[in-house]
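Colleague: any chance you could fold what I've pasted below:
(4 chains, ligands or ions: 2)
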2 protein chains.
Amino acid sequence: MVSEKTIGRLSLYRRLLTELLADDRLNVYSHELASLAGGTAPQVRRDLMAIGYSGSPSKGYDIADLADSISSFLDNPNGTRVILVGVGNLGRAIMSYFKIQRPTLNIVASFDSDPKKIGSDICDRPCCDIAELETKALELDVRMGVIAVPADRAQNVSDKLVTAGITGILNFAPTRLKVPDHVYVEHVDLTTSMEKVAYFVQSGRKSTEPDA
Amino acid sequence: MVSEKTIGRLSLYRRLLTELLADDRLNVYSHELASLAGGTAPQVRRDLMAIGYSGSPSKGYDIADLADSISSFLDNPNGTRVILVGVGNLGRAIMSYFKIQRPTLNIVASFDSDPKKIGSDICDRPCCDIAELETKALELDVRMGVIAVPADRAQNVSDKLVTAGITGILNFAPTRLKVPDHVYVEHVDLTTSMEKVAYFVQSGRKSTEPDA
DNA sequence: ATTAAGCTGTGAACTTTTTCACAGACCATC
DNA sequence: GATGGTCTGTGAAAAAGTTCACAGCTTAAT
Ligand SMILES: NC(=O)c1ccc[n+]([C@@H]2O[C@H](COP(=O)([O-])OP(=O)(O)OC[C@H]3O[C@@H](n4cnc5c(N)ncnc54)[C@H](O)[C@@H]3O)[C@@H](O)[C@H]2O)c1
Ligand SMILES: NC(=O)c1ccc[n+]([C@@H]2O[C@H](COP(=O)([O-])OP(=O)(O)OC[C@H]3O[C@@H](n4cnc5c(N)ncnc54)[C@H](O)[C@@H]3O)[C@@H](O)[C@H]2O)c1
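Modeller: Ligands and ions are numbered 1, 2, ... in the order given. Now for the predicted structure:
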């Protein structure tokens, strides 16, 4: 089984490969990809081994082909439809960023509790009443949700998402969500990230880890 | 030496302890803190052992005292002064969020290249010209920086920060920064986080990791 | 007093992740 | 067609991180 860390790095490799393609590169060696990704060559080779991809000793990896292989491993072939709850400062930043993104990751609607926002379009997507979350989510056939509401509302929103059949949540609220076993949660804790950097600045310690 | 993972969890524990304090709790057991943090009891005890903190077998840990111990381990006693570069959607969200935060983490100024933003105040802090970064950073005596500029500008901004004496960077741009050895970089890669969740949704795999 | 229960601190075992190191493949050049 | 250099794929070793399991302490109840 492919480890969670490898999944994250594959996503990174794919993005780097896309950039290389745009530069008209055709092939890449593990050590080059490693250097771009901030890792080591053996690690790149292990990660690719995990998805059963093979390169050639002379040319390295075929960039376009590898990117395709990673995509067919990572992506849902029908694309992933996403809803976002909490259209505040952060929610809006995310909406605007992923609006322009690849069609495979598609934020199809947002939800809020603020009457001023409900009914309007945020980044070309309808902003709906949080009360309609369950019905709308089923209707839109969505499996993934993003939580960007204040911390004290996050667990409640999470419960609603789970009821609506969501099985993956990206959570920006500084709260550890309690969810059933079949639901995957990724916590993005910006305060902790800030405090970690502050600690390393304060202590004078240098970076040791291959990746955050 | 305290591991990077432990540093991150200590930051989380401190926030949970602060919440418990606000609920007038005085003591907490490792298994309670573990449950709030989404971890295990032995792990909490190991993490606290790493900073040399001891609880009592009968009462567990003294909440206020433990929070203080974590703070004196993590924080610079004079506070950490931070500058942010790139006042776009994301940069503004972060400015507004950390404006209200504890005085120990203080975003003192922002920088941008857009003449419309330069000179104005963003969240009560001056927005300066990126060209002045080096001089202003020295003047403000800042050691930590946040990068929220477009990907193709990130390395250039990073170089400027390093020249200005910054030793810790929180980077939101989807670019792996090249920095000298003494500089600590934390990458927050939201696209990868999204894609990870999408993968787990698509594959039907459940969450296994103790923490993201 | 004595017993019982439930906690912490920690050596040791275990698991996961990363790195090493080298056989085998491939190409370019002589 | 042999030689040398440089790559991949991978078993094995090492390192890092986590969990187990229990001794020892403290309190509460009998
Ligand atoms: N902005 C940041 O940089 C930052 C940093 C760290 C953490 N966070 C966390 O991210 C979350 C969002 O941050 P923000 O700065 O965007 O906050 P915000 O206050 O700007 O936005 C919150 C939004 O959620 C909406 N909302 C409130 N209750 C709701 C409910 N029950 N259902 C649906 N919508 C609801 C509000 O109307 C508002 O639009 C918060 O939990 C915050 O702690 C943000
Ligand atoms: N918004 C998101 O949700 C999101 C998600 C993933 C990644 N990111 C990354 O975060 C970064 C910022 O995202 P955003 O949505 O805020 O973008 P944005 O375009 O809204 O903001 C970028 C800001 O940087 C400024 N800028 C450009 N060049 C500069 C320079 N050389 N020096 C100083 N300032 C400069 C621009 O004037 C603008 O204010 C980008 O790298 C983006 O890829 C953002």
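Colleague: which helix or strand contains the nearest residue to A:V185 once chain neighbours are set aside?
Modeller: Take A:V185 and drop its neighbours on the chain: the residue closest to it by C-beta to C-beta, 6 or more residues apart in numbering or on different chains is A:I169, 4.8 Å away. (Each C-beta comes from the backbone N, C-alpha and C, glycine too.) Assigned by DSSP states H and E, A:I169 belongs to strand A:168-171.
Colleague: what is whichever helix or strand comes after that strand packed up against?
Modeller: Next in sequence after strand A:168-171, counting helices and strands by DSSP H and E, comes strand A:184-187. Counting contacts by 3 or more C-beta pairs under 8 Å, 6 or more residues apart in numbering or on different chains; DSSP states H and E, the secondary-structure elements packed against strand A:184-187 are strand A:168-171, helix B:190-203.
Colleague: centre of the chain to stretch A:44-64, how far?
Modeller: The gap between where stretch A:44-64 is centred and where its chain is centred comes out at 23 Å by C-alpha atoms, centre = their mean, to the nearest Å.
Colleague: buried stuff in that stretch?
Modeller: Neighbour-count burial for stretch A:44-64, with 16 or more other C-beta atoms under 10 Å in any protein chain shown as criterion, is recorded at A:44-45, A:47-48, A:50-51, A:53, A:55, A:60-63.
Colleague: just the helices in chain A please.
Modeller: A:4-22, A:30-37, A:41-50, A:63-74, A:89-99, A:133-140, A:151-163, A:190-203 (DSSP state H).
Colleague: with mean pLDDT and distance to ligand 2 added, can I get these in JSON lines?
Modeller: Below are the helices of chain A laid out as JSON lines (pLDDT from 0 to 100; distance: least, C-beta to the nearest ligand atom, whole Å):
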{"stretch": "helix A:4-22", "mean pLDDT": "97", "distance to ligand 2": "11"}
{"stretch": "helix A:30-37", "mean pLDDT": "97", "distance to ligand 2": "16"}
{"stretch": "helix A:41-50", "mean pLDDT": "98", "distance to ligand 2": "22"}
{"stretch": "helix A:63-74", "mean pLDDT": "97", "distance to ligand 2": "17"}
{"stretch": "helix A:89-99", "mean pLDDT": "96", "distance to ligand 2": "3"}
{"stretch": "helix A:133-140", "mean pLDDT": "95", "distance to ligand 2": "21"}
{"stretch": "helix A:151-163", "mean pLDDT": "97", "distance to ligand 2": "18"}
{"stretch": "helix A:190-203", "mean pLDDT": "97", "distance to ligand 2": "12"}
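Colleague: now distance to B:S30 too, for these, in a markdown table please.
Modeller: Written out in a markdown table, the entries for these read as follows (distance: least, C-beta to C-beta, whole Å):
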| stretch | distance to B:S30 |
| --- | --- |
| helix A:4-22 | 25 |
| helix A:30-37 | 37 |
| helix A:41-50 | 34 |
| helix A:63-74 | 37 |
| helix A:89-99 | 32 |
| helix A:133-140 | 36 |
| helix A:151-163 | 23 |
| helix A:190-203 | 20 |
